[in-house]
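Undergrad: Next comes the sequence, and after it the predicted model I'd like to discuss.
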Amino acid sequence: MQRRSFLKHAGLGAVASGAAVSVPAFAQDMPALSWRLASAFPSTLDLRIGAGEQFCKFVSESTGGKFNIRHFPDGEIVPAADLLEAVSTNKVECGHGSSRTYYKKSPAFCFDAAVPFGLTARQMNAWMSEGDGLRLTRELFKPEKIINFPLGNTGAQMGGWYAREIKRQGDLKDLKMQVSGLAADVLARLGVAPQPASQAPLAEAFEKEGLQAIAGAGAYDDAKLGLNKVAKYYYGPGWWLPGEQLSLYINDEAWNKLPKHYQSIVTAAAMAAHVSLTARYDARNPAALAQLAASGAQVRAFPRSILDVAFEATQQVYKDLGAKDPKFKAIHDSYMGFRDSEMPWFRMTDNAYGQYMAVALSGR
């Protein structure tokens, strides 16, 4: 693979770990290039936007400053909703976002990010690099004139903030919840009334617009956004986002013009930033959850009955989407087939270990 070859011969691994390295000899004869990267994330979400910044830093340092990619937060060039089109038309050479944002364009894009009852972060990495994930998602992006790369995974997320307790399916009936995409389709089948993102501040939306819940993400990001200030009950797990992969989008014409060494640097830099983001979330989410609980958040686990009906509703949504869209069905079948083949191993290892440790530590 290009990435492995480059890591072996150019030593980007040392760059990723923060070690000082000399400018690679090949960079002395490479052209000076300047790109722009438009992010789908605001500066508030420092870990997500930081992954893009880290990627740009790696590329610059490993080329001795000859290949510079300037990073722009959400809205400075284009809003997140228009990011894909901006890269497709070469308005910017590259972008960084979550492909589930483009659900309305094609539900199949969600498989490049996260889907209900889908793959965890580790399983997603395996499907993308060792399964058919990268090939299938690149086929999906090809008509958009985009080449995609994994660039960060948040790991496990929570299931949102609620103004009232959720004990049974009836508690979801007519619940006005800010949620979008595939999750909204599934939750609507459970009685939820999905709401678009409000232009008003969240506190005002809860008070004046009758909003009763918000999907949120993980503890660290939710605390950054102050979601604990608008709703009291914090439920998990985030069954619709078991591990959200973020992606680097590169315009194919811009990519094809890059020297091969630069392409290898971009590939390796994206991978380094990708792995780093999951580690950062795993290190910060536990402390953030504890702080949220200490400040009054009522942390709850969804009842098994809620997860069961959500799982069944999800299967019907997938069936309906697959019947309408052959591309969705093809990626779905590969993705879910890979998930099902992974589960016996994880059940006997990670899951069993985690369950035991939770009981063992609770008695201390």
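TA: Cool, the structure landed.
Undergrad: Give the other helices and strands that the helix or strand where Ala310 lies contacts.
TA: Ala310 is part of helix 304-324, with elements assigned from DSSP states H and E. Applying 3 or more CB pairs under 8 Å, 6 or more residues apart in numbering; DSSP states H and E, we find helix 304-324 packed against helix 181-189, helix 326-346. Quick note: C-beta positions are derived from backbone N, CA and C, even for glycine.
Undergrad: will you turn these into JSON lines that also has mean pLDDT and mean neighbour count?
TA: Listed next are those as JSON lines, based on pLDDT from 0 to 100; neighbours: other CB atoms under 10 Å:
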{"stretch": "helix 181-189", "mean pLDDT": "97", "mean neighbour count": "22"}
{"stretch": "helix 326-346", "mean pLDDT": "97", "mean neighbour count": "16"}
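Undergrad: nearest to Phe58, of those helices?
TA: Smallest distance to Phe58 across these (CB to CB): 28.8 Å, for helix 326-346.
Undergrad: relative to helix 326-346, how tilted is the helix or strand just after the closest one?
TA: Scanning forward in sequence from helix 326-346 by DSSP H and E, the next helix or strand is helix 352-362. Between helix 352-362 and helix 326-346, the angle formed by their directions is 60 degrees, by axes from the mean of the first three to the mean of the last three CA atoms, to 10 degrees.
Undergrad: Just the C-alpha atoms of helix 352-362, please, in CSV.
TA: Provided in CSV are the C-alpha atoms of helix 352-362 (Å, rounded to 0.1, in the frame of the first residue of the first chain):
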residue,chain,number,x,y,z
ALA,A,352,-17.3,-9.7,28.0
TYR,A,353,-14.3,-7.9,29.5
GLY,A,354,-16.2,-4.6,29.8
GLN,A,355,-19.2,-6.2,31.4
TYR,A,356,-17.0,-8.0,34.0
MET,A,357,-15.0,-4.9,34.8
ALA,A,358,-18.1,-2.8,35.3
VAL,A,359,-19.4,-5.3,37.9
ALA,A,360,-16.0,-5.8,39.5
LEU,A,361,-15.3,-2.1,39.9
SER,A,362,-18.8,-1.3,41.2
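Undergrad: what about it, distance to the chain center?
TA: Computed by CA atoms, centre = their mean, to the nearest Å, the chain-centroid distance of helix 352-362 equals 27 Å.
Undergrad: so the helix holding Ala310 versus helix 181-189, what angle?
TA: 120 degrees.
Undergrad: Which residues does helix 304-324 contact?
TA: Residues from elsewhere that reach helix 304-324 (CB atoms under 8 Å, 6 or more residues apart in numbering): 107, 116-117, 166, 168-169, 172, 182, 185-187, 189-190, 239, 328-329, 332, 336.
Undergrad: can you give me the strands in this structure?
TA: For the chain, the strands defined by DSSP state E cover 33-39, 67-72, 94-97, 146-153, 161-162, 176-178, 193-195, 213-214, 233-236, 245-251, 298-301.
Undergrad: relative to strand 33-39, how tilted is the fourth one?
TA: Put plainly, it is strand 146-153. On the basis of the same axes, to 10 degrees, strand 146-153 is oriented at 60 degrees to strand 33-39.
Undergrad: List the buried residues of the longest helix seen in the chain.
TA: Longest helix in the chain, counting residues (DSSP state H): helix 260-294. By neighbour count on 16 or more other CB atoms under 10 Å, the buried set for helix 260-294 is 261-274, 276-278, 280-281, 284-285, 288-289, 292.
Undergrad: do stretch 243-257 as well
TA: Within stretch 243-257, the residues that qualify as buried are Gly243, Glu244, Gln245, Leu246, Ser247, Leu248, Tyr249, Ile250, Asn251, Asp252, Ala254, Trp255, counting by 16+ other CB under 10 Å.
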